[in-house]
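Chemist: sequence and predicted model, in that order:
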Amino acid sequence: MKSTMARLALISAAALVAGAALAQDKSVKLGNLNDMSSLYADVGGPGSTIAAQLAIEDSGLVAKGWKIDVVGGDHQNKPDVGSNITRQWYDVDNVDVILDTPNSGVALAVNQITKDKNKVFLNSGAASSDLTGKACTPNTVHWTYDTYALANTTGKAIVKNGGDSWYFLTADYAFGHALERDTEAVVLANGGKVNGKVRHPLNTADFSSFLLQAQSSKAKVIGLANAGGDTTNAIKQASEFGITSGGQKLAALLLFSSDVHALGLNVAQGLTFTESFYWDQNDATRAFSKRFQARNKNGQPPTMVQAGTYAAVLHYLKAMEALGANPRDGAKVVAKMKEMPTDDPLFGKGSIRADGRKIHPVYLFEVKKPSESKYAFDYYKQVAMVPADEAFRPLAQSECPLVKK
Amino acid sequence: MSAATQTGLIPTGAVRHNEMSVFFAMAALLALAPFGIYPFFLMQAMCFALFACAFNLLIGYVGLLSFGHAMFFGFAGYIAAHFAKLGTIDFTIPLIGIGPHINLGPINPAWAILLAVIASAILGLLTGALAIRRQGIYFAMITLALSQMIYFFCLQAPFTHGEDGIQSVPQGRFLGLFDLSHQMTMYYVVLAIFLFGFFAIYRTINSPFGEILKAIRENEPRAISLGYKVDRYKLAAFVLSAALAGLAGGTKALVSQNASLTDVHWSMSGEVVLMTLLGGMGTVFGPVIGAVVIVAMQNYLAQYGQWVTVIQGIIFVACVLLFRKGIIGEIAAKLKTAL
Amino acid sequence: MLDLIGISSQALFGQLLLGLINGSFYALLSLGLAVIFGMLNIVNFAHGALYMTGAFCAWFMLNGLGINYWFALVLAPLVVGAFGVLIDRLMLQRLAGLDHLYGLLLTFGLALIIQGLFQNQFGSSGLPYAIPPQLTGGQHLGFMFLPNYRAWVIVFSLVVCLATWFAIEKTRLGAYLRAATENPAMVRAFGINVPLMVTLTYGFGVALAALAGVLAAPINQVRPQMGADFIIVVFAVVVIGGMGSIMGSIVTGFMLGLIEGLTKVFYPEASNTVVFVIMAIVLLIKPNGLFGRAT
């Protein structure tokens, strides 16, 4: 053990020296830090590693003499476990960039360490808008979506359709708190009111007592400020306890295609929610999904989180190519990424703002009725599109210190 | 517990001489280790080793199996992290919503650790007073249940930030002198804390107080009939063990720059039992060896996911069925000495 | 009247009923622990893992073998009970004569192994287990909509608990069992195979845990961690009730479920901790537990 560690230390020291001495350092190591086995594993998980590999293939850099590796790690939804892996990857294993990382609690921890060690964090899976708000860093890019965009799209649409009194069922950690906060602001701004809220632990199996509290609040809308397995459990049990048939409406503030698949169309039909990517949008997304599905263990098409990981890695490698070699300087790479306009088959043309926020259009989808679904995974119909410049928090409202006002 | 008594030797002068030699060898080895091994790993290992030694004080020398020691370790971590980062005290009483609010501002890491130790000692006093009302299996179950109560408290109290934990704890300057953000400086401060804690335990078990504890472990009714207020001795040992577990937990929070639910969870209580059992209950150096083995295993097998849990379970079963003396206990028995 | 103090009667009765459902599980599990403890003097830390194994058995029977819920309700406890017999024969019996704490440590290790193996295989998220078609739907009770399945859980676990109590306290076999607990040597002298009785008792206690697991599968989903945290609450229930009495553990189980439900109405923040607080209070007043004998 001691000797391998010594060797590792030597190698890393050698790599550092080499990085400084040789301008032609063309190796990159990516780390997919994810929930590999629990409630978010189908949202990001091993699928994000597949997405990153596809991006490496499509970048064409390997043919040009670059050496690019992807490693995976399971943070178990624990910020301390995530921090330890991050440190180990940066200090010992020479990882340059950490990918995806759903679970905002873990993501905020990785965000800080990445800044301290001047590496790169390309986030796709975490939702908290704080990553590009008060916690923003020059080393982080937040790609796919955030709680502001979700609240601003789903929340606004539901209030405008008459759902003006809310009760929140919130996952009790950074993500749930951010989603509840951003949605509440939208509800109030549009003339609605909030009757109450209850917090539930992450990865809850039995929602009955929380649902009963929501039911007795008499609110028209029960806002589910949670994700993955928590959302699907809450939706199933709400139907078991006759809450939806009793006239209250469920608002799934964050729903992924993998969740709809787990619920089945019978239970999920009619839910409206926000996503920035759907596999069946156009020929380019369908072509990508076909390649992805062929490698995905459970045969499902990519979620928006996995799509975001692909697009972020692709853009990162473009920036790397433009720099000519790996500068081993995270802030420099991210600055280059912000400078270059983005263009990829899944999200189209877009850009990364000064605060690290990637902007692109987001869509309001509705889950199809079983009778409307014509082929496998034919789940969504598009209700509305919000253009890129309206979907995310305006820079003028940003708390991010990187934004010059 | 019978394994604790296996060496059955009252340390003689020669044995103590042996132990001191091993102690200095250990200190020298640890002082040189960071030049070959990832220092962050070593610091974590030392924190867990101190935690296991504190636990061993109870099981090895008083015969009390606490299955809730994570409450001291984890809670101290929260206290140290909170005071090093924010330093606010808010005694708002639930349901009423009023209470004093004090703001000390971020305080020196040394004082943050000291506060963590004091907090654990108080927690140890409260829980210990309840738990020592029962013995044996009940004592284990009660400490487990109380630690689960502390776990839920930490899950819900605002200052612990629930699932997110306390992140980005500043390391600061220890006593205003040592810059802990420098990894090697941090390493030697942690080493000093570890050696201090270890030596404190060593002195305790070889003091008259320690002899009385061992007498209670061997035969409680006899100790009572000799006129000792057994419950007081047990409680004092419990509080001391809690305070030292707190020292380990507070230090660990500054090393890893976070405090989280993992460290108050019952599985952490199980881990410290495992470290001590594997190294050798009632041996001086056993818990250190056990902690290093378990932490190394967790680190190097991390990519195999839950197999780590399975292996830990297998070690538990193997220790109980095959070698109840633990690694150091078996070695000591071979060498016919105490270690 | 309740509405006057800001509590809707709908919420109160609803939470009480949900508490009763939780209480059924507490009662079934603490009953199994009490039976095992009475005979073997072992706190079975693997109880939660075996409860989970019961749920997985039912899941596997349904999805792998096409065996429905009703058969699983009988078969899963038999399978897990047989596994328990194996554990006792291969491991626990080797600990005879040692400090009882070793039994706790051994079963803790077993719990880690079982839970880790399932987690490797199935991840940590839940596997859905459908409510049997005979029990879907529910009843409007006025104050709440009670799903039929949950009503079935309360009734069925009550019946199982009372049957177990009857078998141990009122039958000849139960009399042997109780006698063997008090004085094994004497019972052996009467020509009864005590080690066999001990093994079967462990198997029975474990089977009860598995039964609870099957009952929980449609409510809680089937998850590797479903037993881990739950079992600690059950330990507290056992400490409160005192492990000496069968009826004591049943009553305490249901009662604490109700108290938890009440807490959810009046002070939801404390609903996770209330059982432990009660345990602390009981320890202060009656260290041997509400129904316990002095030890």
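Modeler: Done, it's in.

Chemist: state whether residue A:41 is indeed within a helix.
Modeler: No: under DSSP: H, G, I helix; E, B strand; the rest coil, residue A:41 sits outside any helix and is assigned coil.

Chemist: I'd guessed it sits against residue C:123; true?
Modeler: Yes: with contact defined as CB atoms under 8 Å, residue A:41 counts as touching residue C:123 (6.0 Å). Where you see a C-beta, it was placed from the backbone N, CA and C, and this is true even at glycine.

Chemist: how about the strands of the stretch 1-150 of chain B, start to end?
Modeler: For the stretch 1-150 of chain B, applying DSSP state E, counting those that start in this stretch gives strands covering B:88-90, B:101-103.

Chemist: adjacent strands (with direction) for the last one?
Modeler: In the sheet, strand B:101-103 lines up against strand B:88-90 (antiparallel) (DSSP bridges).

Chemist: would you list the strands of the stretch 1-150 of chain B in JSON lines and tack on mean neighbour count and distance to residue B:50?
Modeler: Listed next are these as JSON lines, based on neighbours: other CB atoms under 10 Å in any protein chain shown; distance: least, CB to CB, whole Å:
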{"stretch": "strand B:88-90", "mean neighbour count": "13", "distance to residue B:50": "27"}
{"stretch": "strand B:101-103", "mean neighbour count": "9", "distance to residue B:50": "30"}
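
Chemist: among those strands, which is nearest residue C:215?
Modeler: strand B:88-90 (43.0 Å; CB to CB).

Chemist: shaky segments in the chain?
Modeler: Since you didn't name a chain, this refers to chain A. Residue ranges of chain A with pLDDT under 70: A:1-23, A:405.

Chemist: meant chain C, my bad for not saying
Modeler: Along chain C, segments meeting pLDDT under 70 span C:1-7, C:244, C:293-295.

Chemist: next secondary structure element downstream of the host helix or strand of residue C:27?
Modeler: Per DSSP states H and E: residue C:27 is located in helix C:9-40. The C-terminal neighbour of helix C:9-40 among helices and strands, as given by DSSP H and E, is helix C:47-60.

Chemist: between that following helix and helix C:9-40, how many degrees?
Modeler: Orientation note: helix C:47-60 sits at an angle of 110 degrees relative to helix C:9-40 (axes from the mean of the first three to the mean of the last three CA atoms, to 10 degrees).

Chemist: that older thread, now for the helix holding residue C:27, which elements pack on it?
Modeler: In terms of contacts (3 or more CB pairs under 8 Å, 6 or more residues apart in numbering or on different chains; DSSP states H and E), helix C:9-40 is packed against helix A:208-216, helix C:47-60, helix C:148-170, helix C:172-182, helix C:194-220, helix C:228-241, helix C:246-266.

Chemist: burial measure for residue B:114, as a count.
Modeler: By other CB atoms under 10 Å in any protein chain shown, 18 other residues sit near residue B:114.

Chemist: residue B:302 touches residue B:309, doesn't it?
Modeler: No: using CB under 8 Å, residue B:302 is not in contact with residue B:309, being 11.8 Å away.

Chemist: whichever residue of the stretch 51-200 of chain C sits closest to chain B: neighbour count?
Modeler: Proximity of the stretch 51-200 of chain C to chain B (CB to the nearest CB) peaks at residue C:109, 2.6 Å away. Using other CB under 10 Å, residue C:109 has 27 neighbouring residues.

Chemist: could you look up the SS state of it?
Modeler: Put simply, residue C:109 is helix when judged by three-state DSSP.

Chemist: check which helix or strand covers the closest residue to it other than its chain neighbours.
Modeler: Leaving aside its sequence neighbours, residue C:109 sits nearest to residue B:316 (CB to CB, 6 or more residues apart in numbering or on different chains; 2.6 Å). In this structure, residue B:316 sits in helix B:307-321 according to DSSP H and E.
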